[in-house]
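[1] Got a sequence here, can you build the structure:
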Amino acid sequence: MCDSRAILRSGLFSRLSISAGYARLTEEEDNKTMFRRESADEFFVNIPVRYHNTVRLAAVAWIFLEGLSCPAQDVNPAVAPPSKWVSPIAFDKRSALAAAGGSAQWRWLLIDRQFNAQADEQFIHQCGQVGLSADAVSAPQITINYDPGCELLTFHWVRLWRGASALNRLDPAKVRSSRRPLDANELLFGADLAAMLALEDVHPGDIVDYAYSIHGGNPVLDGKFVGEAPAQLPSPAERIVTRVICPTSRKIYFLNHGAIIEPSTVVRSNMLQLTWDFRDMPGLNLEKGAPGWFQPAPWVQLSEFQSWADVNKWALRWLRQTAPLSAELTNRINQWKLLPNPQDRVLSALLFVQEEIANAAPAGASSDYEPSPPAGVAARRAGDPVEKTMLLTALLQALNFDAAPVLVNTRLQNTLANYQPSPTLFNHAIAAVAVDGQTYWLDPVAQFQRGPLAARSWPIYGLGLVIRPGVTALTSIPLCSAQPKTTVSAYFSLGRLRDESALKLITVAEGADADRMRQHYAATPPEDIDQENLSARARYYPQIRRAAPTAARDDPQLNHFETTEFYSLEGLWKRPPNETSLYCRLYGMNVDEAMSRPPGTARATPWALPYPVHQLFHAEVPMDSPKTIALPYVTGNQTVEHPDFFFRCDSQIVGNKLILEYEYRSLSDIVLPAALPSYLQRLDAATALQGFTLLSMEAP
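    Sure thing, here's the model as predicted:
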């Protein structure tokens with residue numbers, strides 16, 4: 001990795017996405033994420049507050065109830081004035097009226113966020129104005145996410161300002177609720193409910209003004225405070241204020257991430273008040289395709305945890321194994337101890353947790369906020385990532401292996417080192433185990449993994465916090481040696497010029513590629529698989545049709561997943577206008593699809609490159625028919641190299657066959673802005689070599 005990448009990850013440009021108020025996952029982000037974002041053209045922006053390990057989204061959004069994951073239900077929130085400790089800030093109505101004719105479809109007039117660490121309470125007041133140029137302002141709704149298991153939601157007011165008139169829009173009877181569609185790995189503890197209030201009769205130029213409080217917090221954090229002070233949002237904001245009060249006996253650490261500001265500090269009656277006040281902040285221009293660990297929004301991180309040692313001590317309280325294992329687990333362990341190979345013993349415990357213990361959502365089967373003990377998880381046959389990690393760790397330790405749980409963030413990776421220590425930085429839990437001098441990083445919720453222990457893959461974790469006594473720092477997690485690889489072998493049978501040609505495709509996936517393909521085939525009906533494959537091939541051969549159903553074969557011992565597809569190709573041979581020769585073109589389909597291209601030719605932020613990727617394409621074309629003898633345009637071996645990828649193509653005549661080979665490997669997970677021109681230039685060179693043209697000797 002070159003120095004510029006190391007500097008980038010060191011925190012000079014790194015940001016945490018929650019501070020920018022991003023609300024929904026984009027297509028390039030994996031489903032193991034705790035921090036979410038939305039595109040820059042989102043009409044209204046959600047402002048999240050990470051506090052006690054849950055994401056609060058106080059938002060106005062153009063979302064329809066039927067688009068949620070489950071039916072909306074009635075909820076009866078309390079309605080009361082703010083608590084006495086709150087000091088509400090008024091927005092400037094005259095300034096809002098004067099600037100209503102701006103070009104922005106939406107702008108924030110005020111975001112006032114206040115936290116009382118002693119009372120375990122937060123107050124949120126937000127005012128936003130619909131631009132006069134807004135295209136659609138019908139059926140907006142306020143959405144507030146909170147955890148009803150440990151928190152109480154109280155509305156203070158909901159108003160629409162139209163000119164100098166305030167229209168009351170707070171009707172508790174119209175507040176609906178729905179469980180948010182979160183991935184099981186998005187939150188380690190607790191679960192959020194979305195309380196929604198639809199606003200009616202909203203006009204361009206109206207000001208949406210609402211306030212609410214949330215009392216209580218997730219008890220698993222032992223009353224510790226964590227949060228953030230956002231400084232800039234995708235939409236322009238006149239004022240963004242974050243106020244935190246706590247006893248002077250408690251220490252809150254704060255770390256600036258691109259926000260060059262110090263808080264104002266006031267001490268009154270043994271209470272400390274910290275205030276961050278950002279004014280006249282322009283909207284943030286967001287580029288799509290940046291890596292998950294890179295965020296351009298400036299913000300201030302707040303945490304009552306001083307060091308990683310503090311986080312480790314906190315985690316040891318609820319990850320320490322104290323309850324005895326059940327008789328069932330003890331019997332299993334005794335059976336596994338009889339296996340002569342240590343790796344087989346580890347693999348047996350891993351398979352039990354992965355395959356026999358269902359992956360439950362964070363609030364799925366647990367009655368409280370702390371993980372259930374291993375015996376309880378095994379008895380109910382379900383657990384969340386932390387619970388399954390605790391179960392796997394307990395089994396491995398009972399088998400006399402050195403094993404420990406590890407907290408990781410699948411998006412922040414190595415940039416975890418840039419943040420103030422906090423439990424809420426982690427979005428996933430795994431287990432580390434040492435076997436025969438080798439450490440394996442095992443994911444107990446990963447499904448459809450096969451093969452021996454050495455073939456089990458893990459994604460790029462970067463850094464993790466190993467939970468065991470005495471740990472004071474993050475641990476570097478190496479890249480997995482079992483890398484993904486997919487090979488597509490194409491066997492062509494070229495017909496005469498007006499006849500159909502035949503194509504058989506054999507795909508062999510290895511490593512994580514085999515895991516993904518195995519999971520997809522297990523969850524998708526065969527007819528849908530056939531249609532997906534046909535559509536993918538039709539992008540290269542428009543007149544292709546399926547000749548037989550797709551056949552799949554699994555080799556769990558090698559962790560290989562193989563599929564075979566059969567097609568007929570019509571119109572493969574073509575004759576260009578004013579040409580006498582006919583030709584056909586063959587494509588290395590999987591290699592072509594793997595070569596990632598950003599949407600533009602210039603960027604201010606790094607481009608996320610899929611990594612690791614290794615795709616091979618092999619084709620064999622018999623050329624022994626006297627009427628359809630085809631001559632290759634060009635043969636030989638060529639390579640295209642760049643610091644971020646490698647490409648190779650080779651074409652040879654071997655006996656009576658044309659042999660084609662294409663290979664693509666990504667060498668990095670990002671393309672830096674300065675390297676983008678050279679990357680595109682080399683990618684164009686590789687694309688020009690991708691595909692092979694045959695000329696026919698047969699008369700048209």
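[2] mind checking how far Val79 is from Ala473?
    Distance, Val79 to Ala473, by CB to CB, to the nearest Å: 48 Å. All C-beta spots, glycine's among them, are computed from the backbone N, C-alpha and C.
[3] what do you get for Leu465?
    Distance, Leu465 to Ala473, using CB to CB: 8 Å.
[4] now Ser165
    Distance, Ser165 to Ala473, by CB to CB: 58 Å.
[5] now His560
    His560 is 39 Å from Ala473, by CB to CB.
[6] of those two, who's got more company?
    With neighbours defined as other CB atoms under 10 Å, His560 and Ala473 compare such that His560 has more, 22 against 14.
[7] At which residues are the strands of the stretch 401-550 of the chain located?
    For the stretch 401-550 of the chain, strands defined by DSSP state E, counting those that start in this stretch occupy the ranges 402-408, 428-435, 438-442, 462-466, 475-477, 485-493, 501-510, 544-555.
[8] Out of these, which gets nearest to Glu355?
    For those, the distance to Glu355 is smallest for strand 438-442, at 13.2 Å, taking CB to CB.
[9] Report the rounded mean pLDDT for the closest one.
    Strand 438-442 shows a mean pLDDT of 96 in the predicted model.
[10] go on, stretch 289-303?
    The model assigns stretch 289-303 a mean pLDDT of 92.
[11] Need the distance between the two termini of that stretch.
    Terminal residues of stretch 289-303 lie 29 Å apart, using CA to CA, to the nearest Å.
[12] any low-confidence regions in the chain?
    Residue ranges of the chain with pLDDT under 70: 1-75, 95-104, 133-139, 180-192, 361-369, 579-580, 624-635, 697-700.
[13] mind giving me the domain split of it?
    13-304, 312-477, 485-696 (automatic domain parsing).
[14] Could you pull up the residues touching the closest residue to Gln615 other than its chain neighbours?
    Setting aside the residues directly before and after it, Gln615 is nearest to Ala594 in space (CB to CB, 6 or more residues apart in numbering), at 4.3 Å. Residues in contact with Ala594 (CB atoms under 8 Å, 6 or more residues apart in numbering) are Pro610, Val613, Gln615, Tyr664, Ser666.
[15] On the three-state scheme, Phe254 is what?
    Of the three states, Phe254 takes strand according to DSSP: H, G, I helix; E, B strand; the rest coil.
[16] quick one: it and Leu274 touch, right?
    Yes. Here Phe254 reaches Leu274: they are 7.4 Å apart, a contact under CB atoms under 8 Å.
[17] hey, what's in contact with both of the two?
    The contact lists of Phe254 and Leu274 share Pro263, where a contact means CB under 8 Å, 6+ apart.
[18] which residues in the stretch 51-200 of the chain form helices?
    For the stretch 51-200 of the chain, helices defined by DSSP state H, counting those that start in this stretch occupy the ranges 93-98.
[19] now the strands for it?
    Ranges of strands within the stretch 51-200 of the chain are 54-61, 73-74, 78-79, 106-116, 121-130, 141-146, 152-162, 165-168, 176-179, 193-198, based on DSSP E, counting those that start in this stretch.
[20] quick one: strands adjacent to the fifth one?
    In the sheet containing strand 121-130, the strands it pairs with under DSSP bridges are strand 106-116 (antiparallel), strand 207-215 (antiparallel).
[21] What angle do strand 106-116 and the helix or strand just after the last one make with each other?
    By that I understand strand 207-215. The helix or strand immediately downstream of strand 207-215 is strand 226-230, counting by DSSP states H and E. Per axes from the mean of the first three to the mean of the last three CA atoms, to 10 degrees, the angle that strand 226-230 makes with strand 106-116 is 150 degrees.
[22] List the strands paired with strand 226-230, with their directions.
    Counting by DSSP bridges, strand 226-230 is paired with strand 299-303 (antiparallel).
[23] returning to that earlier point: could you turn the buried ones of the contacts of Ala594 into a ChimeraX selection?
    To isolate the buried subset of the contacts of Ala594 in ChimeraX, counting by 16 or more other CB atoms under 10 Å, use the following:
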select :613,615,664,666
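[24] Columns distance to Tyr541 and secondary structure on top of the contacts of Ala594, output as a markdown table?
    Converted to a markdown table, these look like this (distance: CB to CB, whole Å; DSSP: H, G, I helix; E, B strand; the rest coil):
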| residue | distance to Tyr541 | secondary structure |
| --- | --- | --- |
| Pro610 | 25 | coil |
| Val613 | 24 | coil |
| Gln615 | 19 | strand |
| Tyr664 | 20 | strand |
| Ser666 | 26 | strand |
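[25] Return the member of the contacts of Ala594 nearest to His156.
    The closest of the contacts of Ala594, once distances to His156 are taken by CB to CB, is Pro610, at 46.2 Å.
[26] contacting residues around the closest one?
    Contacts for Pro610 (CB under 8 Å, 6+ apart) come out as Ala594, Ser596, Ser666, Asp669.
[27] same check, this time on Ile544
    Leu503, Leu534, Arg537, Ala538, Tyr567, Ser568, Leu569, Glu570 are the contacts of Ile544 under CB under 8 Å, 6+ apart.
[28] Any idea how many residues pack against the third one?
    Counted with other CB under 10 Å, residues neighbouring Arg537 total 21.
[29] now swap in the first one and tell me
    Residue crowding around Leu503 was assessed by other CB under 10 Å; the count is 22.
[30] Against Ser87, how distant is it?
    72 Å.
[31] before we move on, what about the last one?
    Applying CB to CB, the value for Glu570 to Ser87 is 75 Å.
[32] Dump the C-alpha coordinates for stretch 596-614 into CSV.
    C-alpha atoms of stretch 596-614 as CSV (Å, rounded to 0.1, in the frame of the first residue of the first chain):
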residue,chain,number,x,y,z
SER,A,596,-15.0,-1.7,-12.1
ARG,A,597,-15.5,1.8,-13.6
PRO,A,598,-16.5,4.9,-11.7
PRO,A,599,-19.3,7.1,-13.0
GLY,A,600,-17.1,10.0,-14.0
THR,A,601,-13.6,10.8,-15.1
ALA,A,602,-12.6,13.0,-12.1
ARG,A,603,-13.3,12.7,-8.4
ALA,A,604,-12.5,14.6,-5.2
THR,A,605,-12.9,11.4,-3.1
PRO,A,606,-11.5,7.9,-3.5
TRP,A,607,-13.3,5.4,-5.5
ALA,A,608,-14.2,2.1,-3.8
LEU,A,609,-12.8,-0.8,-5.8
PRO,A,610,-14.3,-4.3,-5.1
TYR,A,611,-11.5,-6.2,-3.4
PRO,A,612,-10.3,-8.9,-3.3
VAL,A,613,-11.5,-10.0,-6.8
HIS,A,614,-10.0,-12.7,-9.0
